[in-house]
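In: sequence first, then the predicted structure, then my questions.
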Amino acid sequence: MTIPLRLPAMRTPSVTAATSSSPTVFPFAHSFSVRSPPNFSLHPFSTTRTTTKLPQTTSSFQIHASSSPMIEKEIPQFEKPSTFLRESEGDSSPNSSTSVRARFEKMIREAQDTVCSAIEAADGGAKFKEDVWSRPGGGGGISRVLQDGSVWEKAGVNVSVVYGTMPPDAYRAAKPSSGNADLKPGPVPFFAAGISSVLHPKNPFAPTLHFNYRYFETDAPKDAPGAPKQWWFGGGTDLTPAYLFEEDVKHFHLVQKDACDKFNGDFYPQFKKWCDDYFYIKHRGERRGLGGIFFDDLNAYDQEMLLSFATECAKSVIPAYIPIIERRKDMPFTDRHKAWQQLRRGRYVEFNLVYDRGTTFGLKTGGRIESILVSLPLTARWEYDHQPEEGTEEWELLDACINPRDWI
């Protein structure tokens with residue numbers, strides 16, 4: 001269970017929570033599905049400081065949100081296919097090599113290779129474990145996880161390309177802002193592709209990184225119109241440190257701004273605020289981290305431009321993040337620093353399991369279980385009524401999470 005932590009008294013002003021009108025996160029915010037949440041063995045009135053090992057596996061079962069059909073269980077594969085798309089039926093086919101679907105799949109698979117190579121190089125020894133899977137209804141994915149390395153406690157980089165039909169409940173979870181509350185019963189044809197990654201370093205001075213970029217299409221059911229045929233892009237990259245180094249955060253945001261400015265000068269301020277609003281932990285009154293960019297439901301611009309924009313954002317991950325890791329990965333730290341990192345990871349877990357709409361989508365579609373758990377750290381910590389002392393390094397980080405700043 002989660003123990004509510006009382007926030008310290010602050011001299012800084014309060015912040016209004018993100019409203020429900022915030023655009024939705026795409027299903028691949030962290031991946032496709034979820035097993036039962038971790039069992040945090042904390043007693044509600046205990047003051048014992050507890051470090052909880054999050055499970056890497058759980059007993060397998062299917063979560064039924066309703067009587068709606070579920071996305072089929074994945075099937076392990078021994079070789080990576082050149083593409084997860086069905087064979088093309090000509091250049092006009094949505095699966096042809098020149099289609100947005102095919103080019104987006106090519107982009108995310110190249111991004112996965114690039115990021116994994118950079119993560120392994122920074123670690124200096126550990127290698128990713130790779131699982132390839134497919135699903136009977138169409139498509140599949142590649143999951144890569146590195147655990148217990150020299151630098152990384154846990155690093156996951158997943159790609160997926162899936163299509164078929166999904167129940168109306170899942171469509172509403174994927175796109176609740178689309179005015180589809182009156183969607184008639186019946187499966188909704190869809191296509192979804194995305195890359196999703198969460199990188200948890202060991203050193204408490206090295207920040208966690210999350211990024212994902214995704215493309216989605218839906219069509220109206222032939223026998224029950226209600227979901228309009230549409231497409232959209234979503235994604236973002238955000239930084240979650242346990243300790244605040246302003247030069248690191250400024251560097252990170254500057255790289256995000258440079259990627260955005262190549263396409264539209266309004267993108268960075270808009271998507272930066274969107275990120276601050278989305279990663280808001282309502283029951284804590286604070287953000288999960290120090291932001292970055294986030295966007296979803298993006299289809300108001302030319303499709304080719306948005307494909308190029310998503311590609312540029314994915315390419316910016318390494319230059320935004322790896323220089324920070326190189327500066328911080330070998331810094332000496334104490335048990336106090338590590339304990340605070342574990343408390344901040346507890347916040348990470350709370351957001352992902354309570355608020356993340358990608359998790360909601362996974363619960364309603366029954367997709368690949370291990371992929372969503374990849375976002376969780378190996379360990380996290382909850383302390384009863386923990387309050388960092390005002391003026392400390394820990395307080396400074398928490399203050400920045402409560403009161404978002406303009407870093408550049």
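Out: Great, that's in hand. These figures come from a predicted structure and were not determined experimentally.
In: show me where pLDDT drops low in the chain?
Out: Counting by pLDDT under 70, the chain shows low-confidence ranges at 1-72, 88-93, 95, 167-186, 220-228, 360-368.
In: residue 304: neighbour count?
Out: Close neighbours of residue 304, defined as other Cβ atoms under 10 Å, add up to 10. Yep, even glycine has a C-beta here, placed from its N, CA and C like the rest.
In: check residue 386 too.
Out: The tally of other residues near residue 386 (other Cβ under 10 Å) stands at 18.
In: now the nearest residue to residue 78 once chain neighbours are set aside, what are its backbone angles?
Out: Take residue 78 and drop its neighbours on the chain: the residue closest to it by Cβ to Cβ, 6 or more residues apart in numbering is residue 132, 7.3 Å away. Backbone torsions of residue 132, given as degrees, to the nearest 10, read phi -110, psi 140.
In: show me the contacts for residue 132.
Out: For residue 132, the contacting residues are 76-80, 140-143, by Cβ atoms under 8 Å, 6 or more residues apart in numbering.
In: from these, list just the buried residues.
Out: Neighbour counting with 16 or more other Cβ atoms under 10 Å marks 140-143 as buried within the contacts of residue 132.
In: turn those into CSV, including secondary structure and distance to residue 234.
Out: Shown next, in CSV, are the buried ones among the contacts of residue 132 (DSSP: H, G, I helix; E, B strand; the rest coil; distance: Cβ to Cβ, whole Å):
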residue, secondary structure, distance to residue 234
140, strand, 21
141, strand, 17
142, strand, 20
143, strand, 20
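In: now those residues in a markdown table, with distance to residue 389?
Out: Formatted as a markdown table, those follow (distance: Cβ to Cβ, whole Å):
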| residue | distance to residue 389 |
| --- | --- |
| 140 | 50 |
| 141 | 45 |
| 142 | 45 |
| 143 | 41 |
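In: closest one of those residues to residue 240?
Out: residue 143 (21.4 Å; Cβ to Cβ).
In: for the closest one, give me its contacts.
Out: Applying Cβ under 8 Å, 6+ apart, the residues contacting residue 143 are 130-133, 156, 158, 368, 370-371, 374.
In: out of these, which sit inside helices?
Out: Counted as lying in helices by DSSP state H, out of those, are 370-371.
In: ok, the contacts of residue 143 vs residue 206, which is closest?
Out: Closest approach between the contacts of residue 143 and residue 206, by Cβ to Cβ: residue 156, at 16.4 Å.
In: which residue packs closest to the closest one, ignoring adjacent ones?
Out: Residue 156 sits nearest to residue 374 (Cβ to Cβ, 6+ apart), 3.3 Å away.
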